[in-house]
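Q: missing the sequence, but the structure's below:
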């Protein structure tokens, strides 16, 4: 996935932060978080929502915040949104198999993996909590599987 796929849209406030997995940039549109990308955004805007998202992410990385309470509006197909909604129901410190999410939201384990790979708001929509029956599965974020393992370790898994 190319960095900053949503920065081409005009007037989209963004705010970046340093994290243990690299720089992250959060983007907002119409009062909701629409993306979380690896890298430092060109433009920085301190809106109330982006400041709150930044603070919740910092707390998460410090091990103080097990859940997020932010309005999320990811762009994707209806099926992808259904999968991503199911991911938000996985509690902090727990994992699910791709197959479990497919049973819950429809499709196959493979289609769940494909939806996870297109998740525009990783961490906040915890695709890292979905694993394969034979191992961790994949991760499309910067750092690949090492980042997924870091996030699972952070959550004591």
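A: Nice, thanks for sending it over. As the structure is a computational prediction, the values presented were derived from the model and not from experiment. Numbering: from 1, shown residues only.
Q: make it CA atoms for all contacts and neighbour counts henceforth
A: Fine.
Q: all strands for the chain, in order.
A: Secondary structure of the chain (DSSP state E): strands at 14-17, 24-29, 32-38, 96-97, 130-131.
Q: List the strands paired with the first one, with their directions.
A: When pairs are called by DSSP bridges, strand 14-17 turns out to pair with strand 24-29 (antiparallel).
Q: The strand it pairs with: how far from the chain's middle?
A: 11 Å (Cα atoms, centre = their mean, to the nearest Å).
Q: Identify the residues contacting it?
A: Contacts to strand 24-29, defined as Cα atoms under 8 Å, 6 or more residues apart in numbering, come from residues 12-18, 33-41, 49-50, 53-54.
Q: And stretch 127-134, by the same measure?
A: With Cα under 8 Å, 6+ apart, stretch 127-134 has contacts from 84, 87, 90, 94-98, 116, 119, 122, 136-139, 148, 151-152.
Q: Out of those, which end up buried?
A: Among these, the ones that count as buried by 16 or more other Cα atoms under 10 Å are 84, 87, 90, 95-98, 116, 119, 122, 136, 138-139, 148, 151-152.
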